[in-house]
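Chemist: mind looking at a prediction? Sequence and model below.
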Protein chains: 2
Amino acid sequence: MQRRAFLKQTALGAAAGSAVLAAPAIAQEAPNLTWRLASDFSADAATLFAGAADVARYVAEVTDGRFNIEVFPAGQLFQPGQALEAVQHRIVECGHASSVQYFATDPALCFDGGVPFGLNTRQMNAWMRKGEGLTLTREAFAKFGILNFPCGYTGAQMGGWFRGEIKTVDDLRGLKVAADGFAAHILSRLGATPVDIPASDVHAALAQGVVDGAATIGPFDDERFALFEVARNYYFPGWWAGTQQLSLYVNQDAYGELPKAYQTALSLACAAACNDMIAAFDAKNPEALRRLVSQGAQLKAYPRPVLQAAHEATVAACNELSAKDATFKKLYDSMLAFRGKQVPWFRMAEGSFDNMVATLGAPGA
Amino acid sequence: MQRRAFLKQTALGAAAGSAVLAAPAIAQEAPNLTWRLASDFSADAATLFAGAADVARYVAEVTDGRFNIEVFPAGQLFQPGQALEAVQHRIVECGHASSVQYFATDPALCFDGGVPFGLNTRQMNAWMRKGEGLTLTREAFAKFGILNFPCGYTGAQMGGWFRGEIKTVDDLRGLKVAADGFAAHILSRLGATPVDIPASDVHAALAQGVVDGAATIGPFDDERFALFEVARNYYFPGWWAGTQQLSLYVNQDAYGELPKAYQTALSLACAAACNDMIAAFDAKNPEALRRLVSQGAQLKAYPRPVLQAAHEATVAACNELSAKDATFKKLYDSMLAFRGKQVPWFRMAEGSFDNMVATLGAPGA
């Protein structure tokens, strides 16, 4: 999308690039500043949206109210999926998004969000902070003039709601599935037809047979849509990502104009928001799942051949994208190498502990 | 230990309670302040010690150098295990510690660090931030005049180094094991004799047969002690905690005197330090384990009957402590209820994703 066309769509074209400064910012050590944040999430998606609200609150508190960030949920200034461009063109100074949404814009950006058969939450955190993840994803975002900061995690997701059962790969062929990003691409390679519809329309689309299934987030987020009424089969695992990392997108020029302390405030606030969001999903998902099951959701594991086919399609897609795109290749190779080291260690240390606790009998028994 | 006796042991008795203020703190919005932090970790334990150093760096950066925290590694002002009392008596304003170390002082404090067969890292983060964990552990710390902030995680740990094999529970009887905290208590209930010796002396103690085994942290931290030279059997899982949460202990009065923005700076810095530490352990442990194995460490899973016996001993210990101590009971009941909801969800969502990735074949294949 061209800048001009994009700006016409917004009420903010006239205000592009104007952070509200109460006084010349550069000269002052602790200037009063107001930024705008465009969230790609609606306020209804409470846990995802809270990431941006948390960042704004923390930044205001730690700067004694001097650095304020006004948060706009998706639908107010921009539609979902427009945060990247809004930040790129500095119509807003920052945005909150899942980089998996921008597969169509630039597949390499997905490594900032989560790729099929990729890293789980802990591994993603480690790759970003102590591996090459942050450096390499920032190389990918540089062409958009954006600095990305990890700002929230969903944890492992469920593998979608389906009207019928998925017993073989053939059952996916011709199936219309509400999905986007990298997941949609892999589903289409498996013969399904991904359909990009807003989460709020999925229930009606399933009820009317417009789609046969839907890739969603997890129990707590899924609960409010009551999809079990129209598609009982609730599959796991969510093979299209081991976690979804959310990110704060910050316009590089706007960031460069911040006093150093405000830059640190942003980055600390994002770190805290990471912990808050994964804590919220982890705390809420188990009970939401229980309620969904009691209302009729049928938990089903994807058959292994289906997962194997999805994995093969993912490897093929990543190899094709790597051949065309050096940035994608660098990120893919780095992620694979990191995952290769992480997986056996996690299996032994975390996996054996978790399995032990799960199988030792009832709590306190 | 009485305050007077404790103060006599320190070079800092005379300075007790005196934060170095450049100007009256309360009246100023952004005063220059210097705090002292006593770490329970030596600088050699680089990843654990880094938690405190990270907090100090972040707080200084976000307050533009106004709020400084001087970090003292264990051995400088205090010996390991003295941070709690140093903060309680405001000899220093804050400390960095693992609350599992204070089992002898007050068993309830262990819930702030990690208990046998307890929560894994994600579950602990969720219990602290979105469950009852922080509120209830703060009730336990209130009698010490301390506010605890989660400030680092180790992740799941290994289950210790042993000269001989542990094939049955009988093999633990009479065994001398370097261990402390709750782990030591459970080991003694299983018939072993826990011995409290500094990590740096464990190699010699194993070589000389002073001890037969040692409970340690994990591959990266264990590597520098080269214990495989004297005790090849490296067991998993580390059943005495699903993670070790480290904490910043802050003297309540000192905290109350801080401007609100500095209070937020402390709490954001701790949140960021949590992410940094678990990222560091996760990034470093896999390669450290590989090196340990190549040098002769023998990986061994604890036999299931041994784990069952340890679990039974833990339940018995927790029930006894609950009968004597209402605070312990409240924490234990809350942790068990939380764990009971978390475990099936983690097993399905995270577990099925992790198993899938681990068994789908070589990376990129």
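Modeler: Happy to help now that I have it. In this text the structure is predicted, and so the values were computed from the model without any measurement.

Chemist: alpha carbons only for contacts and neighbour counts from here, please
Modeler: OK.

Chemist: OK, contacts around A:Ala52?
Modeler: A:Ala52 is in contact with A:37, A:39, A:71, A:96, A:248, A:273, counting by C-alpha atoms under 8 Å, 6 or more residues apart in numbering or on different chains.

Chemist: tell me which residues of the host helix or strand of it come out buried.
Modeler: Using DSSP states H and E, A:Ala52 sits within helix A:46-62. Neighbour counts over helix A:46-62 (16 or more other C-alpha atoms under 10 Å in any protein chain shown) mark A:47-62 as buried.

Chemist: skipping adjacent residues, who's closest to the closest residue to chain B within the stretch 251-365 of chain A in space?
Modeler: Closest residue of the stretch 251-365 of chain A to chain B, C-alpha to the nearest C-alpha: A:Ala279 (3.9 Å). Excluding the flanking residues, the one nearest A:Ala279 by C-alpha to C-alpha, 6 or more residues apart in numbering or on different chains is B:Ala126, at 3.9 Å.

Chemist: who are the packing partners of the strand or helix carrying the one you found?
Modeler: B:Ala126 is part of helix B:121-130, with elements assigned from DSSP H and E. Applying 3 or more C-alpha pairs under 8 Å, 6 or more residues apart in numbering or on different chains; DSSP states H and E, one finds that helix B:121-130 makes contact with helix A:260-294, helix B:133-142, helix B:326-346.

Chemist: then whatever helix or strand comes next after the first one to PDB, C-alphas only?
Modeler: Once the chain leaves helix A:260-294, the next helix or strand it forms, by DSSP H and E, is strand A:298-301. These are the backbone C-alpha positions of strand A:298-301, laid out as PDB (Å, rounded to 0.1, in the frame of the first residue of the first chain):
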ATOM      1  CA  GLN A 298     -14.800 -32.300  21.900                       C
ATOM      2  CA  LEU A 299     -11.100 -32.300  22.500                       C
ATOM      3  CA  LYS A 300      -9.300 -34.100  19.700                       C
ATOM      4  CA  ALA A 301      -5.600 -34.700  19.000                       C
END
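
Chemist: quick one: strands adjacent to strand A:298-301?
Modeler: Partners of strand A:298-301 in the sheet, by DSSP bridges, are strand A:233-236 (parallel).

Chemist: in a strand, A:Arg36, correct?
Modeler: Yes: assignment of A:Arg36 by DSSP: H, G, I helix; E, B strand; the rest coil places it within a strand.

Chemist: from B:Leu268, how far out is the residue nearest to A:Ala279?
Modeler: Counting by C-alpha to C-alpha, to the nearest Å, the separation of B:Ala126 from B:Leu268 is 16 Å.

Chemist: what ranges of chain A fall below the confidence cut-off?
Modeler: A:1-28, A:361-365 (pLDDT under 70).

Chemist: if we can go back for a sec, hey, which of the helices and strands packed on helix B:121-130 is tucked in deepest?
Modeler: Per-stretch averages of neighbours, counted by mean count of other C-alpha atoms under 10 Å in any protein chain shown, single out helix A:260-294 among the helices and strands packed on helix B:121-130, with a mean of 22.

Chemist: what about that one, distance to the chain center?
Modeler: 12 Å (C-alpha atoms, centre = their mean, to the nearest Å).

Chemist: repeat that for stretch A:316-332.
Modeler: Stretch A:316-332 has its C-alpha centroid displaced from the chain centroid by 20 Å (C-alpha atoms, centre = their mean).

Chemist: what does it contact?
Modeler: By C-alpha under 8 Å, 6+ apart, the residues outside stretch A:316-332 that reach it are A:107-108, A:111, A:133, A:136-137, A:139-140, A:186.

Chemist: what distance separates the start and the end of that stretch?
Modeler: First-to-last distance for stretch A:316-332 - C-alpha to C-alpha - comes to 12 Å.

Chemist: and for stretch A:67-80?
Modeler: Start and end residues of stretch A:67-80 are separated by 25 Å (C-alpha to C-alpha).

Chemist: then stretch A:154-169?
Modeler: Its start and end residues considered, stretch A:154-169 measures 27 Å (C-alpha to C-alpha).

Chemist: hang on, the earlier thing: who wins for proximity to B:Arg290 among the helices and strands packed on helix B:121-130?
Modeler: B:Arg290 sits nearest to helix B:326-346 of all the helices and strands packed on helix B:121-130, at 27.0 Å, using C-alpha to C-alpha.

Chemist: show the subsequent helix or strand relative to the closest one.
Modeler: Counting by DSSP H and E, the element after helix B:326-346 in chain order, helix or strand, is helix B:352-359.

Chemist: so does that following helix get close to chain A?
Modeler: Yes: interface with chain A: helix B:352-359 contributes B:352-355, B:357-358 (C-alpha under 8 Å from any C-alpha of the partner chain).

Chemist: what distance separates that helix from the centre of its chain?
Modeler: Relative to its parent chain, helix B:352-359 has a centroid offset of 29 Å by C-alpha atoms, centre = their mean.

Chemist: okay if I get the helices and strands packed on helix B:121-130 as a markdown table plus distance to B:Tyr102?
Modeler: Listed next are those as a markdown table, based on distance: least, C-alpha to C-alpha, whole Å:
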| stretch | distance to B:Tyr102 |
| --- | --- |
| helix A:260-294 | 26 |
| helix B:133-142 | 11 |
| helix B:326-346 | 13 |
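
Chemist: any idea which helix or strand carries the residue nearest to A:Lys284 when sequence neighbours are not counted?
Modeler: Nearest residue to A:Lys284, sequence neighbours excluded (C-alpha to C-alpha, 6+ apart): A:Phe220, at 6.1 Å. In the assignment (DSSP H and E), A:Phe220 maps to helix A:219-223.

Chemist: A:Pro194 is in what secondary structure piece?
Modeler: For A:Pro194, the host element (DSSP H and E) is strand A:193-195.

Chemist: give the other helices and strands that that strand contacts.
Modeler: Counting contacts by 3+ C-alpha pairs under 8 Å, 6+ apart, strand A:193-195 packs against strand A:176-178, helix A:181-189.

Chemist: quick one: closest of these to chain B.
Modeler: Going by C-alpha to the nearest C-alpha, the one of the helices and strands packed on strand A:193-195 nearest chain B is helix A:181-189, 15.1 Å.

Chemist: helix, strand or coil for the residue lying closest to A:Leu119 once chain neighbours are set aside?
Modeler: Sequence neighbours aside, A:Gly242 is the residue nearest to A:Leu119 in space, at 5.3 Å (criterion: C-alpha to C-alpha, 6+ apart). When classified by three-state DSSP, A:Gly242 comes out as coil.

Chemist: quick one: A:Gly242 and A:Thr121 touch, right?
Modeler: Yes: with contacts counted by C-alpha atoms under 8 Å, A:Gly242 reaches A:Thr121, the gap being 6.6 Å.

Chemist: who's more crowded, the two?
Modeler: A:Gly242 (30 against 23; other C-alpha atoms under 10 Å in any protein chain shown).

Chemist: so who does the more buried one touch?
Modeler: Applying C-alpha under 8 Å, 6+ apart to A:Gly242 gives the contacts A:114-121, A:155-157, B:350, B:353-354.

Chemist: try A:Gln82
Modeler: A:Gln82 makes contact with A:Asp40, according to C-alpha under 8 Å, 6+ apart.

Chemist: same question, A:Gly164
Modeler: Residues in contact with A:Gly164, defined by C-alpha under 8 Å, 6+ apart, are A:212, A:231, A:233.

Chemist: can I get these in TSV with distance to B:Gln308 and neighbour count?
Modeler: Shown next, in TSV, are these (distance: C-alpha to C-alpha, whole Å; neighbours: other C-alpha atoms under 10 Å in any protein chain shown):
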residue	distance to B:Gln308	neighbour count
A:Asp212	46	22
A:Ala231	41	23
A:Asn233	36	23
